[in-house]
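# here is a sequence with its predicted model. Questions after.
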Amino acid sequence: MRRATRKNRRPRRAGLTLIELVAAIAITGMLMTGALVAVGNLARSERRIEAAEPAASRTAGLDMILTADLLHASHYHADAKGQWLAIRTQTSLASSDMELEHLRSVVRYEVRRIDGRAWLVRKQQTGIDQPLAELVCPDVESIDMRDTSAKGSPVTIGPLWKEVPHRTAVTIGLAGGEPQTFVVRRR
C-alpha cells in the first residue's frame, strides 16, 4: 500500500503576515503620538511655572541651605549694609552630599559681583581646612537678617557677634524682583 502524498499543500513560512505588520505599525504610531503629547505638555507647564515665579525658581535651593545653617547656628554677625552675613554653626554641611557633619564651622554669605552679575556666595570654614566657597543664588543685591521672635515689629540684628534668636527672618533682595524672605524657627 502506497501512501498518497499531497502535492497541493504549501509549507508554512515563519514571519508576520501583512495584517500583523500593519497593526504593529499603527500601535507604535499611537504610542509615539501619546509620548510626544506628554513631553510637549510637560515642557509647556515648566515654562508656565518659570514665568509665574522667576524669583522663586532662582532661590529654590537657597531655602534648604539657609535653613540648615540657621538651625545649627550658635552666633551671627551681620553687615548693616546688607552685603554679608556670618554664622557660627555647631555642625557643617558636607560639600559632596549635603549631609551634616559634627564639626564647628563659620559660614559666611556675601553678595559679590562676578562677571558683571550679582551673586550670593556661601563660604564655609571648618577648622583649619581650606574654605569651601560656592555660588548659591544669582541676581542677589542684598541679604538681611532680622529677629522676628519678639512681639511687635521685627528688630534688625546688630553688627556684633550675638546669639541667634529663636525665630529669624532672612530677606534676600533680588535684582528686578520681589525680595524673598525665609523664616526659621529654632526649638
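Good, I have the coordinates.

# strands paired with the helix or strand containing Arg112, and their directions?
Element membership for Arg112, per DSSP states H and E: strand 105-114. Paired strands of strand 105-114, with direction, are strand 84-89 (antiparallel), strand 117-126 (antiparallel) (DSSP bridges).

# most packed of those?
strand 84-89 (a mean of 21; mean count of other C-beta atoms under 10 Å). (C-beta placed from N, C-alpha, C; glycine too.)

# who touches that strand?
Strand 84-89 is contacted by residues 69-70, 72-79, 104-111, 143, 145, 161, 164, 170 when judged by C-beta atoms under 8 Å, 6 or more residues apart in numbering.

# export that strand as PDB, just CAs?
C-alpha atoms of strand 84-89 as PDB (Å, rounded to 0.1, in the frame of the first residue of the first chain):
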ATOM      1  CA  TRP A  84      27.200  89.900  54.100                       C
ATOM      2  CA  LEU A  85      26.100  87.600  56.900                       C
ATOM      3  CA  ALA A  86      28.300  85.400  59.000                       C
ATOM      4  CA  ILE A  87      27.000  82.500  61.100                       C
ATOM      5  CA  ARG A  88      28.900  80.300  63.600                       C
ATOM      6  CA  THR A  89      27.400  76.700  63.400                       C
END
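
# from the chain's centroid, how far away is that strand?
21 Å (C-alpha atoms, centre = their mean, to the nearest Å).

# write a ChimeraX command that selects only the buried members of the contacts of strand 84-89.
Isolation of the buried members of the contacts of strand 84-89 (16 or more other C-beta atoms under 10 Å) is achieved in ChimeraX through the command below:
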select :69,70,72,73,76,77,78,79,105,106,107,108,109,110,111,143,145,164,170
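
# rank the strands paired with strand 105-114 by pLDDT, which is bottom?
When those are compared on mean pLDDT, strand 84-89 scores lowest, with a mean of 82.

# mean confidence score for the host helix or strand of Glu20?
Assigned by DSSP H and E, Glu20 belongs to helix 18-52. The predicted model assigns helix 18-52 a mean pLDDT of 85.

# show me the shaky parts of this structure.
1-11, 49-58, 91-103, 150-160, 162, 186-187 (pLDDT under 70).

# what residues are up against the most centrally placed residue in the chain?
Centroid-nearest residue in the chain, with C-alpha atoms, centre = their mean: Gly61, separated by 3.6 Å. Counting by C-beta under 8 Å, 6+ apart, Gly61 touches 136-137.

# cool, the one 5 residues further on as well?
With contacts defined as C-beta under 8 Å, 6+ apart, Leu66 is in contact with 109, 170, 182, 184.

# now it. Its backbone dihedrals?
When read as degrees, to the nearest 10, the backbone of Leu66 gives phi -60, psi -40.

# pop the domain breakdown of the chain in here.
18-52, 56-185 (automatic domain parsing).
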